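# sequence first, then the predicted structure:
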Amino acid sequence: MSIATVLVMCLLATPVAVLAAALRLEGSGQVSAQARTRGRDAYWLGHAWVDGRKTEADVAGLATALAGSGIKDLFVHTGPLSEDGTLPADLHPQASWFTDAVHRLLPGVRVQAWLGDFVAPEHDALHLDDAGVRARVIESVRQALDLGFDGVHYDLEPVRSGSAGYLTLLDSTRALTTARHALLSVSAPQIDPLPGLHSLGIALVGHGKYWSQAYFGEVARRVDQIAVMSYDTSMPTRPLYSGYVAQQTSLALQVTPQSVDLLMGVPVFWAEDYGHHGDAETVAAAVRGIRLGLGRTAPHRESFGVALYVDFTATPQDLDTYRHDWCPPGGPYNG
């Protein structure tokens, strides 16, 4: 281990210890009874719903599974976009069938085309600073809306904090979706848990995992809906994860306009690696943190929900916990 590495570790040790103590405090206390679903929740769905693997019976089963929940939006994986920004038609042969089936069998639920890809400069993929690429992405959105989707949900990763090309893309997309009376929704990374951490990550390892709170606000002001991917946090325990999600919820609420739906991600999957500890990042721990953050920061806000990631890994227990902890019995959902 080099001397430089040791010095960096020493410099980081104190702020990390302070953050850990703060997160334990954030995760403590009683949740607010008002911090429950507003009927604006979302669910990320895999590609099988648009490529021919699912049937009418599957959509009917989905309707049964979600009945009486707070799910308002379905983000169905319709891409990925090609590296030049185009959307190959052969990736989603059953998209029109699926949007029609959802509108018939899940009345009041909106279905959005989840379009994603890796982006430059961390990957040699979508170059959002290229006007030609952005124009082709906009045309892909137009194609998706022509298939009957109620909106488009961008999941472009990793967009670095401060990216001007991404903001320009959002402005152009919003003009199209507004003209089509459709929604513009985006997935967003976590907000700096310590000030300036996004810059430090790029400097040390070339990866911008976080956005600054100010840039998050810039993005939020350009969309109808923003969903924080509040999982894969590296938190080692449930209390720390709950505290971390509570902090993320508060940070996002502080800069998201009231007119924009803020959704906090809930992991309905299990993994065990450096970035995600399955025993820590549970549905119950995520919902507890969300309720703590919402109750402390904006308990009366209506434009708020959770987003479950992702349907093909979710267990019945995951969905039961979501209902029990977030959806009060007899609530007016899917309104």
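On my side now, so go ahead.

# which residue ranges of the protein form helices?
3-26, 56-66, 95-105, 131-146, 164-179, 197-205, 213-220, 238-255, 283-297, 316-326 (DSSP state H).

# can I get these in CSV with mean neighbour count?
Quick note: C-beta positions are derived from backbone N, CA and C, even for glycine. Converted to CSV, these look like this (neighbours: other C-beta atoms under 10 Å):
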stretch, mean neighbour count
helix 3-26, 13
helix 56-66, 15
helix 95-105, 19
helix 131-146, 18
helix 164-179, 17
helix 197-205, 16
helix 213-220, 19
helix 238-255, 24
helix 283-297, 24
helix 316-326, 17
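
# any low-confidence regions in the stretch 151-300 of the chain?
Counting by pLDDT under 70, the ranges of the stretch 151-300 of the chain that qualify are 202-203.

# look at the closest residue to residue 88 other than its chain neighbours and report its pLDDT.
Nearest residue to residue 88, sequence neighbours excluded (C-beta to C-beta, 6 or more residues apart in numbering): residue 82, at 6.3 Å. Per-residue confidence (pLDDT) for residue 82: 97.

# and residue 82, how many neighbours?
17 (other C-beta atoms under 10 Å).

# grab the nearest non-local neighbour of residue 167.
residue 218 (6.2 Å).

# could you measure from the one you found over to residue 272?
35 Å (C-beta to C-beta, to the nearest Å).

# pLDDT weak spots in the stretch 1-150 of the chain?
Ranges of the stretch 1-150 of the chain meeting pLDDT under 70: 1-18.

# try 90
1-29 (pLDDT under 90).

# thinking again about what came up before, tell me the spacing between the residue nearest to residue 167 and residue 253.
16 Å.

# one more: residue 206?
Counting by C-beta to C-beta, the gap from residue 206 to residue 253 is 30 Å.

# just checking, residue 265 touches residue 226?
No. Under the criterion of C-beta atoms under 8 Å, residue 265 makes no contact with residue 226, lying 10.8 Å away.

# counting by contacts, list what the longest strand anywhere in the chain packs against.
Longest strand of the chain, by residue count under DSSP state E: strand 110-118. When contacts are defined as 3 or more C-beta pairs under 8 Å, 6 or more residues apart in numbering; DSSP states H and E, strand 110-118 packs onto strand 71-77, helix 95-105, helix 131-146, strand 151-157, strand 183-188.

# and if we set it to 6 Å?
When contacts are defined as 3 or more C-beta pairs under 6 Å, 6 or more residues apart in numbering; DSSP states H and E, strand 110-118 packs onto strand 71-77, strand 151-157.

# and for the last one, what are the contacting residues?
The contact list for strand 151-157, computed with C-beta atoms under 6 Å, 6 or more residues apart in numbering, reads 75, 112-116, 119, 141, 144, 182-183, 185-187.

# redo these as TSV? Include distance to residue 311.
Below are these laid out as TSV (distance: C-beta to C-beta, whole Å):
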residue	distance to residue 311
75	10
112	14
113	16
114	11
115	17
116	16
119	25
141	23
144	19
182	22
183	19
185	17
186	19
187	15
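
# nothing else from me, thank you.
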